[in-house]
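Student: Here is the input, now give the coordinates:
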Amino acid sequence: MMSNLFSVFDPSTNMFNTSMNWLSTMLGLLIIPTMMWMIPSRNNAAWNKTMKKMHEELKTLLGTKKINNGSTLMFTSLFSMILMNNTLGLFPYIFTSTSHLTLTLTMALPLWTSFMMFGWINNTKHMLTHLVPQGTPPILMPFMVCIETISNIIRPGTLAIRLTANMIAGHLLMTLLGENGSSMAYSMISILIITQIALLTLETAVAIIQSYVFAVLSTLYSSEIN
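Tutor: Below is the predicted model:
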C-alpha cells in the first residue's frame, strides 16, 4: 500500500545502495533490434524520415549562419532521448526518469549555461540589446531590463519543470484511478478500463509533444545568442 501518492515516482529499487530505476534511461537501447541498423526496414525508414523532418525544422529555427552547421545534431539527439524515456515510462513497472527534476534539470541547466557563456563572451552587444525590447519608452527601460533578466534566468527551470510536470500529471491520474479499481463495482470496471485507455492515448501524445517542445525551445534559446 502506498503511503504517499508521489511514491510511485521515487527511485526506490536499489542494489548495493545504487538505484536501479535509473537504468530505464538506457533501456531503449536494449529493445532496438540489431538488424534495424544493418538492413533497411519500415521502422528504420519512418524514424529516419522523422529525424530528417526535425533536422529541417530545427535548421530553420537556428538560421543559415555558418556557426550553426551541425548544431541540429545535438537537438535531434536530445529529442530522441526524451521521446524514448517518455515512451518507456508508459509501460508498466518501468521507471519514468523524465518525471524527475534530477534528469530534466540536468539536461536544461548545462544547455542554458553554455548558451549564456557563449553569448556573453562572443556577442556581448547582441545580448545586451535583448534586455531592452525595441520600442520601449526610456522611462520603462530599467524595469524591462529587470524583467528580461529574470525571464532569462528562469528559463532552465521552466524547461525542466514543464517536462516534469506534464509527465507526472498524467501518471498520477492513471495511478489514482488504478488504485481505486479493486474497490469498484463490476459494472464500473469497463468504464475504468476505457478511461485508462483514453488516458494512455493522451499520455502518448503528451510524451511526443513534450519532447518536441523541449527540443524546439532549446533551439530557440540557442538561436537568440547569434
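Student: Would you mind listing the buried residues in the longest helix seen in the chain?
Tutor: Counting by DSSP state H, the longest helix found in the chain is helix 186-223. By 16 or more other CB atoms under 10 Å, the buried positions in helix 186-223 come out as 199, 203, 206-207, 210-211, 213-219, 221-223. Any C-beta I mention is one placed from the backbone N, CA and C, and that applies to glycine too.
Student: does residue 40 sit in a helix, a strand or a coil?
Tutor: At residue 40 the chain is in coil, as set by DSSP: H, G, I helix; E, B strand; the rest coil.
Student: Please report the distance of it from residue 52.
Tutor: Look at residue 40 and residue 52: by CB to CB, to the nearest Å, they are 14 Å apart.
Student: before we move on, what about residue 41?
Tutor: Counting by CB to CB - residue 41 and residue 52 are separated by 16 Å.
Student: Name the nearest residue to residue 72, sequence neighbours excluded.
Tutor: residue 58 (4.4 Å; CB to CB, 6 or more residues apart in numbering).
Student: show me where this protein has helices.
Tutor: 42-62, 71-88, 101-122, 124-129, 141-153, 155-179, 186-223.
Student: Deepest-packed of the ones you listed, please.
Tutor: helix 71-88 (a mean of 20; mean count of other CB atoms under 10 Å).
Student: Other residues contacting it?
Tutor: Contact with helix 71-88 is made by 24-25, 27-28, 51, 54-55, 58-59, 62, 94, 96-98, 103, 107, 163, 167, 204, 206-208, 210-212, 214-215, 218-219, 222, as judged by CB atoms under 8 Å, 6 or more residues apart in numbering.
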